[in-house]
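S.K.: Predicted model, plus sequence, below.
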Amino acid sequence: MSFDPMATAVDWLDAYRAGDVETILDMFADDAVICCDCGGTKVLMGRKALHAYWVDRLRRDPAFEMDDLQPSSNEIRISYFTGSGLVNAVLTLNGVGQIRKLSCGPSNCGEG
């Protein structure tokens, strides 16, 4: 493995916190999928859909500080605060350190 999965997750959150759509998109593999339960369930594929998702997410629910970061096999679990509260995310990485899948949702399923 020529990349640090934990650093990838931190870089992703830093780009999210900075509102840098292009850097965020560049971190995703071409065949990446986002499964988001924030504000209703969404499954997105393709650069155009991911771009629209991130433009909306950055506008409506920017990220603030990180809460927790834990590796788990080929995944990184990261939790962070947004204006809506605590969000839990799982980043599944491919062999070159790109995000293959992002699954996220509010930590309290009754909110968000």
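M.R.: Perfect, I can see it now.
S.K.: Next up, the contacts around the residue nearest to residue 36 when sequence neighbours are not counted.
M.R.: The shortest distance from residue 36 to any non-neighbouring residue, by Cβ to Cβ, 6 or more residues apart in numbering, is to residue 42 (4.6 Å). From N, CA and C alone the C-beta is placed, and that goes for glycine too. Applying Cβ atoms under 8 Å, 6 or more residues apart in numbering, we find residue 42 in contact with 34, 35, 36, 53.
S.K.: Scan these and report the most crowded one.
M.R.: Most neighbours among the contacts of residue 42, by other Cβ atoms under 10 Å: residue 34, with 20 neighbours.
S.K.: How about the contacts made by residue 92?
M.R.: Neighbours of residue 92 in contact, by Cβ under 8 Å, 6+ apart: 74, 75, 99, 100, 101, 102, 103.
S.K.: Quick check: the second one touching residue 94?
M.R.: No. In this structure residue 75 lies outside contact range of residue 94 using Cβ atoms under 8 Å: 11.7 Å.
S.K.: could you flag which of the contacts of residue 92 are buried?
M.R.: Among the contacts of residue 92, those classed as buried by 16 or more other Cβ atoms under 10 Å are 75, 99, 100, 101, 102, 103.
S.K.: Got the confidence number for the second one?
M.R.: What the model reports for residue 99 is a pLDDT of 97.
S.K.: Where do the helices of this protein begin and end?
M.R.: Along the chain, the stretches classed as helices by DSSP state H are 5-18, 21-26, 47-60.
S.K.: Go through these and name the closest to residue 70.
M.R.: helix 5-18 (8.9 Å; Cβ to Cβ).
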